[in-house]
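K.L.:
Next input, structure requested:
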Amino acid sequence: LALGWACWKTYLGRPHTDGLRRMAMGALGTALDSNGQNAEALPVLEATLALQRRYWSHDFEHIHITQTNLACCLDELGRSDEALVLERVIYAKEAASRGISDESTITSGSNIVAYLMGLKRWDEAETFARDPLLPVARQALGSDHNLTLTLSQSLAMALYANPERTRDNMLEAETIMQDVVQ
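P.N.:
Numbering: from 1, shown residues only. Here you go, the predicted model:
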């Protein structure tokens with residue numbers, strides 16, 4: 001956190017178009033969020049994103065990172081619906097620019113599943129994890145990749161946690177988890 005504030009104080013006087021100022025704002029927002037000061041981080045991350053969109057609209061990578069950090073912050077503040085909307089935008093842009101098989105796209109999809117589960121939207125989480133994410137992750141990253149295993153675990157949890165689960169859902173969740181831990 002101290003480093004984030006130090007960056008901000010060092011580069012505060014620079015013009016809005018200065019890349020170091022942008023970096024300092026991002027560092028401060030991320031540091032605040034990482035230290036549980038989510039309410040303080042939110043306006044900093046929103047301002048960083050607005051600055052990036054205005055002056056660096058071509059820099060998709062940094063915009064994506066800030067949007068992801070903003071979605072996490074919103075979720076931490078209990079605004080999971082807004083986080084989900086933002087993560088869906090990120091996923092759509094990732095899929096369009098990098099393809100659905102890119103690890104970054106799959107990570108964004110995994111974030112969507114996590115937000116859906118947090119909102120107790122079990123059926124939607126199951127459907128999205130099952131298709132398209134898991135088949136793509138297995139093919140692109142391999143069955144033993146950490147992200148593929150995380151998606152498998154999320155699918156199992158969505159099946160298990162759903163209050164409308166069936167016996168078959170429970171058995172499938174158990175089978176999936178056995179595969180994950182092996």
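K.L.:
pLDDT at Ala2, what is it?
P.N.:
Looking at Ala2, its pLDDT reads 63.
K.L.:
Please report the distance of the nearest residue to Ala129 once chain neighbours are set aside from Lys120.
P.N.:
Residue nearest to Ala129 in three dimensions, not counting chain neighbours: Leu155, with 4.2 Å by Cβ to Cβ, 6 or more residues apart in numbering. Just so you know, the C-beta spots here come from the backbone N, C-alpha and C atoms, and that holds for glycine as well. Distance, Leu155 to Lys120, by Cβ to Cβ, to the nearest Å: 15 Å.
K.L.:
again with Asp75
P.N.:
14 Å.
K.L.:
Same drill for those two, tell me which one is more crowded.
P.N.:
Applying other Cβ atoms under 10 Å to Asp75 and Lys120 shows that Asp75 carries more neighbours, namely 22 against 13.
K.L.:
Check which helix or strand that one maps to.
P.N.:
Per DSSP states H and E: Asp75 is located in helix 60-76.
K.L.:
mind listing what's buried in that helix?
P.N.:
Buried positions in helix 60-76, judged by neighbour count with 16 or more other Cβ atoms under 10 Å: 62-76.
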